[in-house]
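>>> Build the 3D model from these lines:
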Amino acid sequence: MGLFYFSYFRSALNKLTYILPFFFLVLSLRSHSQTADSLQIVNNKFDSILKTDALSSSRLFYKHQQDMLLNNLGPFGSRYYYPSAWFLWEQDMVHDVDLTELEFKGLAGVKPFTNITYVNASRKEQLFKIQHLQHFGKQLFFTINLNKVSAPGAYINQEANNTFFKSNLDFHTKKKNYHALISAEIQRDFYEENGGLANPEDYEANRFDDARNYSVNLLSSNSFVKRYRYELAQELDIVGFGPDSVTKSNKVYLGHKFAYQTRSRVFYDNDPTSSIYRMNYLDSSKIMDLLALDSLVTVEDSTRFNYLSFVESQPSIDSMFSGTLSNTATLGFKSRENRLEFLFVNEQQQYVQGMQLDTIWRGIDTTYSNNFVGSNLEFKKKHMQVQALFQIGITGYRQGDIKGELHAASHWKSMFLKLKGGYYLTEPDLNFVRYQSNHFEWNNPDLKKQAVTALSVDAVQTKWQLEFHGDVKMVGQALYFDSLSQAAQHHQALTLTTLTLAKNYELWKFHFRTAGSFQITSDEILAPLPQLIGRQVIYFEGRIFKKALKIQLGAGATFTSDYYGYAYSPALSEFYVQGNQRLGNYPSIDLFLNTHLKRAQIFLKWEHFNSGNSNYKSYLVPGYPNLSRSMKFGISWNLFD
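Numbering: from 1, shown residues only. As a prediction, the model looks like this:
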């Protein structure tokens, strides 16, 4: 029965993927225009939201997160991680929302808004984003986000090609006694997997002018990742009560959320005999099974069969699929600013993992269910907001899992403070318990639940333009991939700390941003964090052409102290620990010209300007060099007239 549900919903919702954009386009074309007076008022509100240096800076330095340069496999869009306590063992139940979208949602009944961003680089790297937000009256709010990345890279077999689509349709009745949210999220990623440089010493000696002359470990292997999520959430008020007999601001409501999500990964192992692999698990019995299917090969031929040539001619396919069909029922109580709800969650899950060689497939195919109970409390009073979430597994594979979070935020005249604490006790995912592929096999039936305790603080002093961010994370029974790329568990507690201080300041027409992070880790191999991360941005700002055009001319530099970063396994698409090569201790410098003309941002950036000007080379991941300098052109245009 579980397999029937998964196959049915997967087929139906994949068809829905192609229908939704056309439906939303027709709906947008049928919207009504606004009056000139209301548009003028909205223009001012839009400008106050959009014309901020924070937004333009994030578009210009899109490879940074929290003033840290991402660690990727070279081209933008390739697999990455951030060496910070915030990123490692991330378990959040509630993710940060798009603040721009949230602010626009509050402008009920206003005209549509569209942002188009395009970046083109000298290596044919292209980044395209479109964001559209629109109200239809005061009851319907629609958003759409499309991100597309195409980055061929510089070395052989290095391309990254990503597509991300997300859309929401938010509706409530005039009396606001019924609310519905329909959302769709689709992500498709293609990666060429070159396994890193085969001879790093050639790169470090700068033997070739053309990066494609350097040999790599995998010449034609690649992987695909697809993720889909569809959700329908509804809320209906059933009883109203309170001191005001007209509005009845205190209400009892029922809620229901249906969600279906899948994630699939396929690795095409077209270089199975590469030296980066320790093992090939294609045994003689499998070869005999395949030979039996081939009428051209006799049993006598099998005695003279060359295993190596067979593997080379028969590349394998390693795949993993997980699907979750969940229903959440909610009973809640709410007033104008507060909310308390109790929920019950049922999950039906399918997990398929294995390998295929020719027509033979072997692996794991299982379905199971989980049931959870939990609660959610939201409290608002003047300048303070508090949210507390709790969930515990009562039956199924996730029985005994605990997730709890506490969010608190407060805003004064010139001070913003946000606190978040969380505790997550979770059963290991099935890919840690058992895995079977051409190069990796493990069976870990005795793994314990992983426990993560996290605390983060964000504080912003707007008057002094001072920012503080802190993350402390403690991990017990940590799950990770060891130096042999095998799933493993660490039975001693890990502690990770990230403290970041940043300040924006000005001197005449020169603007500065200085940020520094200090990090501590209890294990520099299992949880590699650079002790120091520094970032400095400096630019000259002025206005020309009767002050119609704002220009910013400057440079940005990022420096990371040396540390043992994670290595990468192409066959698993996972980062694993290593203690042989230290990363960092290298500055990355960008030069840029950033301009603003009305609602358009146009920039030129010479990325990694200092490439090749050092006696040592820069690696972001062992075996994967930081790409050399590249000229980039970008434009971001806000449309709402």
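
>>> At which residues are the strands of the stretch 351-500 of the chain located?
Here the stretch 351-500 of the chain has its strands, by DSSP state E, counting those that start in this stretch, at 360-381, 384-396, 402-411, 415-426, 434-436, 441-443, 450-461, 466-476, 478-481, 487-490, 494-507.

>>> could these be laid out in TSV, adding mean pLDDT and distance to Lys257?
Using the backbone N, CA and C atoms, a C-beta is placed for each residue, glycine as well. Output for the strands of the stretch 351-500 of the chain, formatted as TSV (pLDDT from 0 to 100; distance: least, C-beta to C-beta, whole Å):
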stretch	mean pLDDT	distance to Lys257
strand 360-381	93	12
strand 384-396	97	13
strand 402-411	95	16
strand 415-426	96	21
strand 434-436	94	31
strand 441-443	95	35
strand 450-461	97	25
strand 466-476	97	29
strand 478-481	98	28
strand 487-490	98	32
strand 494-507	97	33
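
>>> Redo these as a markdown table? Include distance to Gly516 and mean neighbour count.
Output for the strands of the stretch 351-500 of the chain, formatted as a markdown table (distance: least, C-beta to C-beta, whole Å; neighbours: other C-beta atoms under 10 Å):
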| stretch | distance to Gly516 | mean neighbour count |
| --- | --- | --- |
| strand 360-381 | 34 | 15 |
| strand 384-396 | 29 | 16 |
| strand 402-411 | 25 | 17 |
| strand 415-426 | 20 | 18 |
| strand 434-436 | 40 | 18 |
| strand 441-443 | 40 | 13 |
| strand 450-461 | 16 | 18 |
| strand 466-476 | 11 | 20 |
| strand 478-481 | 27 | 20 |
| strand 487-490 | 29 | 19 |
| strand 494-507 | 6 | 17 |
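
>>> Reformat the ones you listed as a markdown table; add distance to Phe224.
Listed next are the strands of the stretch 351-500 of the chain as a markdown table, based on distance: least, C-beta to C-beta, whole Å:
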| stretch | distance to Phe224 |
| --- | --- |
| strand 360-381 | 17 |
| strand 384-396 | 30 |
| strand 402-411 | 30 |
| strand 415-426 | 27 |
| strand 434-436 | 18 |
| strand 441-443 | 22 |
| strand 450-461 | 28 |
| strand 466-476 | 31 |
| strand 478-481 | 21 |
| strand 487-490 | 22 |
| strand 494-507 | 32 |
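
>>> closest to Ala160 out of the ones you listed?
Closest to Ala160 of these is strand 478-481 (C-beta to C-beta; 21.2 Å).

>>> Strand partners (parallel or antiparallel) of the closest one?
Sheet pairing of strand 478-481 (DSSP bridges) gives strand 487-490 (antiparallel).

>>> then the strand it pairs with to CSV, C-alphas only?
Extracted in CSV, the C-alpha atoms of strand 487-490 (Å, rounded to 0.1, in the frame of the first residue of the first chain):
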residue,chain,number,x,y,z
ALA,A,487,29.8,6.2,7.6
ALA,A,488,30.9,6.3,11.3
GLN,A,489,29.9,7.6,14.7
HIS,A,490,32.0,9.5,17.2
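
>>> show me the contacts for Ala548.
For Ala548, the contacting residues are 597-598, by C-beta atoms under 8 Å, 6 or more residues apart in numbering.

>>> And it, how far from Leu583?
Ala548 is 45 Å from Leu583, where distance means C-beta to C-beta, to the nearest Å.

>>> Ok, Phe61 next?
With C-beta to C-beta as the criterion, Phe61 and Leu583 are 20 Å apart.

>>> and what of Asn72?
Per C-beta to C-beta, Asn72 is found 12 Å from Leu583.

>>> Next: Val119.
26 Å.

>>> Look at the two and report which has more neighbours.
Under the neighbour definition other C-beta atoms under 10 Å, Val119 and Leu583 were set side by side, and Leu583 has more, 24 against 21.

>>> show me what contacts the more buried one?
Contacts of Leu583 by C-beta under 8 Å, 6+ apart are 71, 530, 560, 562-565, 619-622.

>>> same check, this time on Leu146
Taking C-beta under 8 Å, 6+ apart as the test, what Leu146 contacts is 128-131, 163-165.

>>> Low-confidence stretches in this structure?
For the chain, residues meeting the criterion pLDDT under 70 lie at 1-52, 95-110, 243-247, 281-314, 613-616, 641.

>>> my guess is Ser58 is in a helix, correct?
Yes. With the criterion set as DSSP: H, G, I helix; E, B strand; the rest coil, the secondary structure at Ser58 is a helix.

>>> can you give me the helices in this protein?
Here the chain has its helices, by DSSP state H, at 2-29, 36-50, 53-60, 99-105, 200-204, 284-293, 299-303, 307-313, 430-433.

>>> sorry, back to before: which residues are in contact with both of Asn72 and Leu583?
By C-beta under 8 Å, 6+ apart, the residues touching both Asn72 and Leu583 are 620-621.
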